[in-house]
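S.K.: structure, please.
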Amino acid sequence: MNTILNRWTRVRMVLLGMGFAVLFLLIARRAFDLQVRDAEHLKSLAEDQYLREIELPPKRGRILDRNQAELASTAEVESVFCNPRQLPDLPLAARRLAKVLGLDGRELEKKLTQKRYFAWVKRKVTPEEAAGVRALALPGVAFTREPRRFYANRSLAATVMGYAGAEGKGLDGIEFGLEKFLRGTRTSVQGVRDALGRELYVDPSAGAASVAGADVVLTIDRYLQYITEKAIGEAQALHHAKAVMAVMLDPRNGDVLAMASVPGYNPNDPGAAAEAGARNRVITDAFEPGSTMKTFTIAAALDAGAVRPDDFIDCQLGRMQVGKFTVHDTHPHGVITVSEVFKVSSNIGASKIARRLGRDKLAGALDRFGFGRATGLELPGERTGILRPVEKWGDIGLANVSFGQGLTATPLQIAAGVAAIAGGGEYHPPRVVSRIVHPDGTGEPLQERPARRVMSEKAARQMVGIMRGVTDVGGTARMASVEGYPVAGKTGTAQKVAHGHYDPTRWVSSFVGFLPAQDPRITLLVMFDEPQGDGGHLGGSVAGPVFKEIAEQAMRYLHVPPLPSLLADSERAAAKASAALASKSGASSSRAGMVSGGIGAAGAAVTLAASDADDSPGSDEAALDEDGRPLDDEEAELEGQESDAMASGDDQPLVVVPNFKGLTIGAALRVAAKSGIELAFDEAAGLPTGVARGQSPPPGPAPRGLACRVVFGSVQAATGMP
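M.R.: Got it, this is the predicted structure:
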């Protein structure tokens, strides 16, 4: 019996042992499957449940000016977070935090009441805010460091640089346009969540040191940008303008030295930018150029050999019929040279020059100068402007385009075109980015766009000579002249179109020029959008002084010496003026001296002469009528011809002798009668014919009752035209 029991016990022990062995083998196999064969798959499943990717905002590269001065940089700042479950009195804590951080208490409390172990309170706080939160000593509230964009110069060049958002992404300007260089390489770290899927905090600063963006070096000069912004900011306040824009280029290479628009904004706090209408209007706003377009019309005609600077143009005393339409000059002119057409800004003269050139050649020249297409600047939002297809111009369309109506252009397009003339006929595509500097210090220039020739060097020199007359006596922009430096430029005063008609209360006033004219260092355009108030709206009087202010400081900063001969002329003129003023005893005599400098210049207008125009709707012809006629009359700033009597120091009655050159006999008689003088002719020669070719005495103050002898000749002899 005992033997049987012992045997059964041994069998059970063997069976039990075998069972344990099998179980062990099964467990071992399962362990092998879990830890060896399926380990990676199971690990991945587990991580998917409790790990999450936290993307770290990259540390952006800097934005530097051409001299390596920082315009935008990135610094590590503190952000406030908390574990809401550790707050003893959540509503009270939310109110106290909101007060210190300038937040809405109810919104913050709502955020913190969510069932989470982590919540942002406020990101990228100021040092003062961080100190205030620390002083509260709230449990569960902590800090971490994040990169934040800083603009040390506040609003300086803000409309060019743009700004970056809270997540470190560029949202406007250079920050947006060169995002791929500035942002660097995005990195991420692992975050952890619990079994319920609730997020647990992992320090996002881990690994951030490996993130770095490239630096962007601009062509902008910080000082030139400053003086430009300061000048146009003060001018906007003075003239109560809707906006003021300015752009300064180096005509030798197309570098943008300054680009400014007001109203502006502070990119450190860009929230109010949109409400204020702040944007880079130099590239985003397009206007009818007005008389500045005559620069390109005459330049194209000179280049094509259609005219020469001393060719005569009959301006028909300020009125010319073009089909059903009438082109006007604000002040009548007779036969004058091409140079004088530009100087006095005659629309009729510009129209006739364009007619000699031909619409196809004018359209080709405007295309070469860059109108109707973007310049390709490294900034977002650039407009192309509008240049209608040449086959749709018609006769009046050709006239309109010749003096800057029926097309639109951005301030940058106009400035770049004038810079091409200043640069000897070579168009350098404007650029605002000089190069990219990578974190390892290696530089990378952006792809350069080659210069292109838009007119011959000879024609460009001729055009520069013509443009210099604008700031001389009798020109439309005496207030833009810079002492010691020859300035070449052009004024523009254009009405804005509203509801299909030109609005007589809304103007765009501008001056564009370059200096020194003989070896240009800068091309500068200043443009006002809707100037108001006592300062008027004329390009010469509104934009001219701002150009002068900026240009004077720019010449000193760039160490460009003045011409001694021009300085001597200025000193002699000042001494002569002082002596003249000292010899006069009344304000009227001072005025007589002031207006004796020469003939005033004429602005211009074009208007429909018939209401049954058959042009297509929306064309420039259909937008013009007698009620809304555009008046481009910057030359209403007469420095010369006036007909009211004045008295000299000894009370001798004076009149101002007009300039009769180019007038017909009938026009001369009317002007003489209005001026209070008599005309003398050679009676033996019979009734005078043709136009006036000379006179004695010359234009200027003279005793009342004077007989002025005028020599007339045929139009053919005077103009060389049939």
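S.K.: when you work out contacts or count neighbours from here on, use the C-alpha atoms and nothing else.
M.R.: Fine.
S.K.: who's in contact with the helix or strand encompassing Ala131?
M.R.: Using DSSP states H and E, Ala131 sits within helix 127-136. Here helix 127-136 makes contact (Cα atoms under 8 Å, 6 or more residues apart in numbering) with 78, 80, 96-97, 100-101.
S.K.: quick check: phi and psi on Leu515?
M.R.: Phi and psi for Leu515, reported as degrees, to the nearest 10, are phi -160, psi 160.
S.K.: I figured it hits Leu525, correct?
M.R.: No. Leu515 lies out of contact with Leu525 (Cα atoms under 8 Å); the separation is 11.9 Å.
S.K.: which one's more surrounded, the two?
M.R.: Leu525 (30 against 24; other Cα atoms under 10 Å).
S.K.: mind listing what that one touches?
M.R.: By Cα under 8 Å, 6+ apart, the neighbours of Leu525 are 246-248, 411, 415, 510-513, 547.
S.K.: how much space between it and Lys458?
M.R.: 24 Å (Cα to Cα, to the nearest Å).
S.K.: cool, Ala72 as well?
M.R.: 44 Å.
S.K.: more neighbours: which of these two?
M.R.: With neighbours defined as other Cα under 10 Å, Ala72 and Lys458 compare such that Ala72 has more, 26 against 13.
S.K.: now do the SS call for the more buried one.
M.R.: strand (DSSP: H, G, I helix; E, B strand; the rest coil).
S.K.: distance of it from Gly162?
M.R.: Ala72 is 10 Å from Gly162, by Cα to Cα.
S.K.: over to Ala306?
M.R.: 45 Å.
S.K.: among the two, which residue is more densely surrounded?
M.R.: Gly162 (24 against 16).
S.K.: wait, what's in contact with that one?
M.R.: Contacts of Gly162 by Cα under 8 Å, 6+ apart are 170-176, 267.
S.K.: and it, what's its pLDDT?
M.R.: Per-residue pLDDT puts Gly162 at 92.
S.K.: equivalent analysis for the one 10 residues further on, please.
M.R.: Per-residue confidence at Asp172 stands at 91 (pLDDT).
S.K.: what residues are up against it?
M.R.: 161-164, 380.
S.K.: ok, now Val256?
M.R.: 219-220, 247-250, 430-432.
S.K.: who's it bridged to?
M.R.: Leu249 (DSSP bridges).
S.K.: strands paired with the strand or helix carrying Met320, and their directions?
M.R.: Applying DSSP H and E as the criterion places Met320 in strand 319-322. Sheet pairing of strand 319-322 (DSSP bridges) gives strand 325-329 (antiparallel).
S.K.: tell me what the helix or strand that the strand it pairs with is followed by is packed against?
M.R.: The first helix or strand that comes after strand 325-329 along the chain, using DSSP H and E, is strand 335-337. Here strand 335-337 touches strand 312-314, going by 3 or more Cα pairs under 8 Å, 6 or more residues apart in numbering; DSSP states H and E.
S.K.: for the strand it packs on, name the packing helices and strands.
M.R.: strand 335-337, helix 338-344, helix 347-357, helix 715-719.
S.K.: give the buried residues for the third one.
M.R.: Translated: helix 347-357. Across helix 347-357, burial judged by 16 or more other Cα atoms under 10 Å covers 347-355, 357.
S.K.: among those residues, which one sits closest to Ala374?
M.R.: Ala354 (24.4 Å; Cα to Cα).
S.K.: please verify my assumption that that closest one contacts Leu362.
M.R.: Yes. Counting by Cα under 8 Å, Leu362 is a contact partner of Ala354 at 7.0 Å.
S.K.: list the residues that contact both of the two?
M.R.: What both Ala354 and Leu362 touch, as defined by Cα under 8 Å, 6+ apart, is the set 297, 301.
S.K.: point out where the stretch 1-150 of the chain drops to low pLDDT.
M.R.: Residues of the stretch 1-150 of the chain that meet the criterion pLDDT under 70 lie in 1-2, 5, 41-58, 115.
S.K.: do that again at 90, thanks
M.R.: For the stretch 1-150 of the chain, the stretches flagged by pLDDT under 90 are 1-60, 74-127, 129-130, 133, 136-150.
S.K.: for the closest residue in space to Ala420 that isn't next to it in sequence, phi and psi?
M.R.: Spatial nearest neighbour of Ala420, chain neighbours left out: Tyr427 (4.4 Å); criterion: Cα to Cα, 6 or more residues apart in numbering. Per-residue torsions, Tyr427: phi -90, psi 120 (degrees, to the nearest 10).
S.K.: good, we can wrap up now.
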